[in-house]
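Trainee: quick one, fold the following:
(chains A, B, C and D)
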There are 2 protein chains.
Amino acid sequence: MLPADRRKRVEDLIRSHYSMKISDLSKKFNVSEMTIHRDLKPLIDEGVVIKTFGGVTLTRDKQSNETISEECVICKSSINVRMAYRLILQNNKIEMTCCAHCGLIRHRQLDSGVIQAICYDFFRQTTISAHLTWFVMNSSVHIGCCQPQVLTFEWKEHAEKFVKGFGGNVYSFNQATEAVLHKMSGCHSKKNRL
Amino acid sequence: MLPADRRKRVEDLIRSHYSMKISDLSKKFNVSEMTIHRDLKPLIDEGVVIKTFGGVTLTRDKQSNETISEECVICKSSINVRMAYRLILQNNKIEMTCCAHCGLIRHRQLDSGVIQAICYDFFRQTTISAHLTWFVMNSSVHIGCCQPQVLTFEWKEHAEKFVKGFGGNVYSFNQATEAVLHKMSGCHSKKNRL
DNA sequence: TAAACTATGTGTAATATTGTTATAAATAAA
DNA sequence: TTTATTTATAACAATATTACACATAGTTTA
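Mentor: Got it, this is the predicted structure:
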């Protein structure tokens, strides 16, 4: 491998891993650690990485880089923003659940403690106030989040057409809350996520 | 072999391999390394390639690689990963388009330069090889990406049920490629994104 | 034919890369 | 704390690569 290619790949590796050990990079490319140190020199000068004892780290702010993976307050699984349900509380805190299923449960739990709740259109990912959202349950599509699955739509038309294709029922906010609680026989199944 | 032919082939080799070692080129064409250096001179002056110690590298790919650009290579809009279409190229580079619409166009452009292409299930966001994907066009749902809109599904059943609810047609990879090109009357509309 | 030009190879000095060593610094262990 | 281990840095040497000058062979042109 050409030196230039190795240097590029070293940089790519650090960028994708956030931090790397010098010894690992040395083994990976089958060169001495001194060579890795030398490969790193320009990146350090540019301010791209900083050296730690035994390794290198991206200088970029860790927070802004890593996906601050929050977990669902109900089922504790990691959250895919696309399906998320957000609850804005009286104490100005914001809670997030992995999907409308957990969201409706949490919403019912906190009840009047919730000032506002928002979810996202399943198709277009637009933001919708939960009270104006159309919920689809019992369809034949399984996204891989919680069961019974609850999908959210901004437009009733979309929800109804979805049901036409994939089965299930369309609910308003209040109907959906009741339906979820009714369906749940006391337990909450935590499924694998994407 | 005529010098001019060799020079052409040297350039082609670099273009297809992204980077090459001077020593390998020298052996391949049975000329001295000095001759290869001289063959490279005009390419360097043109800015097509740059020399690294022991080899040459394409300059343009370095650009697209350094600025890991998250914009669609076709329509230049920012990319929502959910809809993205990824093209893995022969030179190990990866290109990304904002949606299957742009993806199919790019795939057709590069043709055999594409080793593999992947897209994501519209519902579950699972990864699918483009050749095995089912494409839905002309449905009544508009996501806000490019028109004519192309949605991608892993399962034919999902695609068909989607069409049942939202109209449109289901296409295989080859059919979709043709359909997109046929629909496009020579222009590519750049639409607002989410 | 002779001059001019092109293509190519060779030799050499300058430069780049790399690994090894020794020494200093940082960290871990006692 | 002190000691041991690991890592970093600098200096050196070996090797690889490059750029340049020059020589040679072939081709074109007047």
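
Trainee: and the gap between A:Gln147 and chain B?
Mentor: 14 Å (Cβ to the nearest Cβ, to the nearest Å). (Each C-beta comes from the backbone N, C-alpha and C, glycine too.)

Trainee: got phi/psi on A:Val114?
Mentor: phi -90, psi 120 (degrees, to the nearest 10).

Trainee: how near is it to DNA strand D?
Mentor: 50 Å (Cβ to the nearest atom of the strand, to the nearest Å).

Trainee: quick one: contacts for that residue?
Mentor: By Cβ atoms under 8 Å, 6 or more residues apart in numbering or on different chains, A:Val114 lies in contact with A:87-90, A:107.

Trainee: the residues you listed in strands, which ones?
Mentor: A:87-89 (DSSP state E).

Trainee: contacts with DNA strand C among those, please.
Mentor: Applying Cβ under 7 Å from any atom of the strand to these, one finds that nothing falls near DNA strand C.

Trainee: rewinding a little: got a markdown table for the contacts of A:Val114, with pLDDT too?
Mentor: Converted to a markdown table, those look like this (pLDDT from 0 to 100):
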| residue | pLDDT |
| --- | --- |
| A:Leu87 | 87 |
| A:Ile88 | 80 |
| A:Leu89 | 80 |
| A:Gln90 | 74 |
| A:His107 | 91 |
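
Trainee: among these, which ones are buried?
Mentor: In terms of neighbour count (16 or more other Cβ atoms under 10 Å in any protein chain shown), the buried residues within the contacts of A:Val114 are A:87, A:107.

Trainee: and which of the ones in strands among the contacts of A:Val114 is nearest chain B?
Mentor: A:Ile88 (21.6 Å; Cβ to the nearest Cβ).

Trainee: by mean pLDDT, point me to the weakest helix or strand of chain A.
Mentor: Every helix and strand of chain A was ranked by mean pLDDT, DSSP states H and E. The lowest is helix A:62-65, at a mean of 38.

Trainee: now the helices for chain A?
Mentor: In chain A, the helices defined using DSSP state H lie at A:3-17, A:22-29, A:33-46, A:62-65, A:100-110, A:156-166, A:173-183.

Trainee: distance check, the residue in chain A positioned nearest to DNA strand D against DNA strand C.
Mentor: Using Cβ to the nearest atom of the strand, the closest approach of chain A to DNA strand D is made by A:Gly54 at 3.7 Å. From A:Gly54 over to DNA strand C the distance is 7 Å, taken as Cβ to the nearest atom of the strand.

Trainee: what's the farthest-apart pair in the contacts of A:Val114?
Mentor: A:Gln90 and A:His107 (13.2 Å; Cβ to Cβ).

Trainee: about what we covered before: can you put the contacts of A:Val114 in TSV and add distance to chain B?
Mentor: As requested, the contacts of A:Val114 are arranged in TSV below (distance: Cβ to the nearest Cβ, whole Å):
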residue	distance to chain B
A:Leu87	23
A:Ile88	22
A:Leu89	27
A:Gln90	30
A:His107	24
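
Trainee: tell me the centre residue of chain A?
Mentor: Geometric centre of chain A, nearest residue: A:Asn80, 3.0 Å, by Cα atoms, centre = their mean.

Trainee: that one and A:Met96 touch, don't they?
Mentor: No. Under the criterion of Cβ atoms under 8 Å, A:Asn80 makes no contact with A:Met96, lying 10.8 Å away.

Trainee: do stretch A:38-57 and chain B meet?
Mentor: No. Using Cβ under 8 Å from any Cβ of the partner chain, we find that stretch A:38-57 stays clear of chain B, coming within 11.0 Å at best.

Trainee: what average pLDDT does that stretch get?
Mentor: Here stretch A:38-57 scores 91 as its mean pLDDT.

Trainee: just the CA trace of it, in PDB.
Mentor: The C-alpha trace of stretch A:38-57 is given here as PDB (Å, rounded to 0.1, in the frame of the first residue of the first chain):
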ATOM      1  CA  ARG A  38       4.600  10.200  11.700                       C
ATOM      2  CA  ASP A  39       1.400   9.700   9.700                       C
ATOM      3  CA  LEU A  40      -0.400  11.400  12.500                       C
ATOM      4  CA  LYS A  41       1.800  14.400  12.600                       C
ATOM      5  CA  PRO A  42       0.100  16.400   9.900                       C
ATOM      6  CA  LEU A  43      -3.300  15.600  11.300                       C
ATOM      7  CA  ILE A  44      -2.200  17.000  14.600                       C
ATOM      8  CA  ASP A  45      -0.700  20.100  13.100                       C
ATOM      9  CA  GLU A  46      -4.000  20.700  11.200                       C
ATOM     10  CA  GLY A  47      -5.900  20.200  14.500                       C
ATOM     11  CA  VAL A  48      -8.000  17.300  13.200                       C
ATOM     12  CA  VAL A  49      -6.900  14.900  15.900                       C
ATOM     13  CA  ILE A  50      -5.100  15.100  19.200                       C
ATOM     14  CA  LYS A  51      -2.900  12.500  20.700                       C
ATOM     15  CA  THR A  52      -3.700  10.800  24.000                       C
ATOM     16  CA  PHE A  53      -1.300   8.500  25.600                       C
ATOM     17  CA  GLY A  54      -1.300   5.400  23.400                       C
ATOM     18  CA  GLY A  55      -3.900   6.700  21.000                       C
ATOM     19  CA  VAL A  56      -5.500   9.500  19.000                       C
ATOM     20  CA  THR A  57      -8.800  11.200  19.200                       C
END
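
Trainee: buried residues, it. List them.
Mentor: A:39-40, A:43, A:48-49, A:55-56.

Trainee: what is the nearest of those residues to A:Lys28?
Mentor: For the buried residues of stretch A:38-57, the nearest to A:Lys28 is A:Asp39 (11.8 Å; Cβ to Cβ).

Trainee: hang on, that closest one packs against A:Lys8?
Mentor: No. Counting by Cβ under 8 Å, A:Asp39 sits too far from A:Lys8 to count as a contact (9.6 Å).
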